[in-house]
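Undergrad: sequence below, structure please.
(2 chains)
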Amino acid sequence: NAGVMQNPRHLVRRRGQEARLRCSPMKGHSHVYWYRQLPEEGLKFMVYLQKENIIDESGMPKERFSAEFPKEGPSILRIQQVVRGDSAAYFCASSPELHSPLHFGNGTRLTVT
Amino acid sequence: KNEVEQSPQNLTAQEGEFITINCSYSVGISALHWLQQHPGGGIVSLFMLSSGKKKHGRLIATINIQEKHSSLHITASHPRDSAVYICAVRKYSGGGADGLTFGKGTHLIIQP
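TA: Have a look, this model is predicted:
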C-alpha cells in the first residue's frame, strides 16, 4: 500500500510562472490537507479538501493560490505568477476519516528564482 | 502569542538519556498530534491523542486536557532519534473541520 505520493520532489520556477504541485493520497483516503513550511518557520495549514469539495481554505492566500481534489486523479495545489516569497516546502497529508491520524507525503520543495 | 508553544526549541543530549519535549496550547482541541521530521524533510506521524497516554516502542506521549499540556518522552535515546519533533493540535471548530495548528518544533540532537 503506497503512502502519500507527492510530485515533483523539487520544483524550480522563475518569478511569474505557474507552479503545480500534485498529491496522491493513500488508497482509501478521501481527506486531503495541504500545508506550507517556509524556511526557518513552522508548518502552516493551507487547505482541507474532500473529493470534489473544498472544506476549509482559511489558510490559503487570497490571491494566486488554488487547490482542487477532483473525482479522479490527484489533488493539485496551483500557484499562479509565483514570487520569491512562495519558496517553501509544501506538504500534503491524507486520512481516511475526519478524526484519523494523518499520513504525510515527502513534500515538494518549491524554489522561485 | 502562539496558540501552540513547544519547549525546548533545541535539545542536545547523550545517547541513552531520557528525553522530554513539552507542548502547551491555549485553545480548545479535539486532538493533539506529535510528528517527527527528519533532516531529509519527510514527516512521520508518531501519535494522535485526545486523552491519557500512548506508548509506541521507546516513545511515550501524554496529554493533560485540563492543563492544556502534552509531553513526548523518548527512553534510551539513540542518534537515529535526532530530528525535529513537532506538536500540532486540531482545534474545535464550529461547523466544519480545521486543519492542524503547529508548534515551531523542537530540534533534537542525540550524540553518540
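
Undergrad: what bridges to residue A:108?
TA: residue A:90 (DSSP bridges).

Undergrad: residue A:19 now?
TA: What pairs with residue A:19, by the bridge criterion (DSSP bridges), is residue A:79.

Undergrad: so how many other residues sit close to it?
TA: 22 (other CB atoms under 10 Å in any protein chain shown). Where C-beta positions appear, they are placed from N, C-alpha and C, glycine not excepted.

Undergrad: for chain B, what spans make up the strands?
TA: For chain B, the strands defined by DSSP state E occupy B:4-7, B:10-14, B:19-25, B:29-37, B:43-49, B:52-56, B:59-64, B:69-74, B:83-91, B:100-102, B:106-111.

Undergrad: pLDDT score for residue 5?
TA: In the absence of a named chain, chain A is used. With respect to pLDDT, residue A:5 scores 96.

Undergrad: my bad, chain B
TA: 95.

Undergrad: residue A:98 contacts residue A:31, doesn't it?
TA: Yes: counting by CB atoms under 8 Å, residue A:98 does reach residue A:31; the two are 6.4 Å apart.

Undergrad: so between those two, which is more surrounded?
TA: Each of residue A:98 and residue A:31 has its neighbours counted (other CB under 10 Å); residue A:31 has more, 21 against 14.

Undergrad: give me phi/psi at that one?
TA: Reported as degrees, to the nearest 10, the phi and psi values for residue A:31 are phi -110, psi 130.

Undergrad: what's near enough to touch the closest residue to it other than its chain neighbours?
TA: In this structure, residue A:31 finds its nearest non-sequential neighbour in residue A:95, 4.7 Å apart by CB to CB, 6 or more residues apart in numbering or on different chains. By CB atoms under 8 Å, 6 or more residues apart in numbering or on different chains, residue A:95 lies in contact with A:29, A:31, A:33, A:101-103.

Undergrad: can you list the weak-confidence ranges in the chain?
TA: Using chain A. A:1 (pLDDT under 70).

Undergrad: looking at chain B here, not the other one
TA: Looking at chain B by pLDDT under 70, you get B:93-98.

Undergrad: mind doing that once more with 80?
TA: Scanning chain B for pLDDT under 80 picks out B:1, B:40-41, B:92-99.

Undergrad: get me the contact residues on it for chain A.
TA: With the criterion set to CB under 8 Å from any CB of the partner chain, chain B comes near chain A through B:30-31, B:33, B:35, B:40-45, B:48, B:86, B:88, B:90, B:93, B:96-105.

Undergrad: drop anything exposed from these.
TA: B:31, B:33, B:35, B:43, B:45, B:48, B:86, B:88, B:90, B:97-105 (16 or more other CB atoms under 10 Å in any protein chain shown).

Undergrad: now secondary structure too, for the contacts of residue A:95, in TSV please.
TA: As requested, these are exported to TSV (DSSP: H, G, I helix; E, B strand; the rest coil):
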residue	secondary structure
A:29	coil
A:31	strand
A:33	strand
A:101	coil
A:102	coil
A:103	strand
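
Undergrad: what residues does chain A put near chain B?
TA: Proximity of chain A to chain B, by CB under 8 Å from any CB, involves residues A:33, A:35, A:41-48, A:55-56, A:58-59, A:89, A:91, A:93, A:98-104, A:106-107, A:109.
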